[in-house]
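dropping the sequence and predicted coords here.
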Amino acid sequence: MKRSTGGVAVEGRHIIKNFRIGNTPTKVLKDISLQVMQGEFVSIMGPSGSGKSTLLYILGGLDTPTSGHVLLNGTDISGFGDEKMSRIRRQKIGFVFQFYNLIPNLNVEENIMLPLLLDGKKMGGYQKQLEQILEIVGLSDRRRHTPRELSGG
Ligand SMILES: Nc1ncnc2c1ncn2[C@@H]1O[C@H](COP(=O)(O)OP(=O)(O)OP(=O)(O)O)[C@@H](O)[C@H]1O
Ligand SMILES: [Mg+2]
């Protein structure tokens, strides 16, 4: 599915990922290169164990490749240390996990705003963006509800 509006948002260059379980090395990602454009929707498909999650973790800066490069908005993040990566994850990347990963005692608004709050920003400055996000996910009417008061999906 494609809907491109701008430049390259995320790029992987020759990504290789090997795992080692005991003495057995497993080659999971064998030279993956891809570009995801701004505004583009991409799905990664493949059988269980083919490396989809591994690739997503690497592209999202949660894991590092054995070799190869990841570029976010043109910046190569491959050599970044923990501190720089934490900032990238707070400011540049959002993950929606299969098993929610929501903070149970924060309401919907606060969960959405969490990366900004961790980044030392005030919620007040982002009211417009918050409204847009609530609108997109259809939770404008439930903004003060906590995760356990919402349905799973
Ligand atoms: N931390 C790890 N240590 C060792 N092997 C791993 C690790 N993470 C993943 N693997 C192996 O890498 C391969 C790919 O796993 P991955 O979770 O990326 O697959 P997937 O395509 O997301 O599968 P699924 O559709 O089941 O979610 C599997 O063989 C898995 O056993
Ligand atoms: Mg997976």
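Nice, thanks for sending it over. Ligands and ions are numbered 1, 2, ... in the order given.

the residue found closest to Met85 once you drop the neighbours it is linked to in the chain: neighbouring residues, count only.
Once flanking residues are discounted, Met85 sits nearest to Gly61: 5.3 Å by CB to CB, 6 or more residues apart in numbering. Placement of C-beta: from N, CA and C, glycine included. Number of residues near Gly61 (other CB atoms under 10 Å) recorded here: 20.

enumerate every residue touching Leu117.
Leu117 makes contacts with 110, 123, as judged by CB atoms under 8 Å, 6 or more residues apart in numbering.

that one is in what secondary structure piece?
helix 108-118 (DSSP states H and E).

and that helix, what's buried?
108-113, 116 (16 or more other CB atoms under 10 Å).

mean confidence for it?
Taken as a whole, helix 108-118 has a mean pLDDT of 91.

one more: stretch 121-130?
Mean predicted lDDT for stretch 121-130 stands at 90.

give me the distance between the two termini of that stretch.
The first and final residues of stretch 121-130 sit 13 Å from each other (CA to CA, to the nearest Å).

close to ligand 2: what parts of this protein are there?
Listed as neighbours of ligand 2 in the chain under the rule CB under 5 Å from the ion: 52-53.

element containing the residue nearest to Met85?
Short version, using DSSP H and E: Gly61 is in no helix or strand.

which ones are touching it?
70, 72, 77, 80, 85, 88-89, 93 are the contacts of Gly61 under CB under 8 Å, 6+ apart.

top of those residues by neighbour count?
Ranked by the number of neighbours (other CB under 10 Å), the contacts of Gly61 place Val70 first, at 20 neighbours.

looking at this, that one is in a strand?
Yes - counting by DSSP: H, G, I helix; E, B strand; the rest coil, one finds Val70 located in a strand.

these two touch, right, it and Leu59?
Yes - between Val70 and Leu59 there is a contact under CB atoms under 8 Å: 5.9 Å.

shared neighbours, those two?
With CB under 8 Å, 6+ apart as the test, Val70 and Leu59 both reach 10, 12.

buried set for stretch 130-148?
Using 16+ other CB under 10 Å as the test for burial, stretch 130-148 gives 130, 133-134, 142, 146-147.

which among the residues you listed gets closest to ligand 2?
The closest of these to ligand 2 turns out to be Pro147 (CB to the ion; 22.4 Å).
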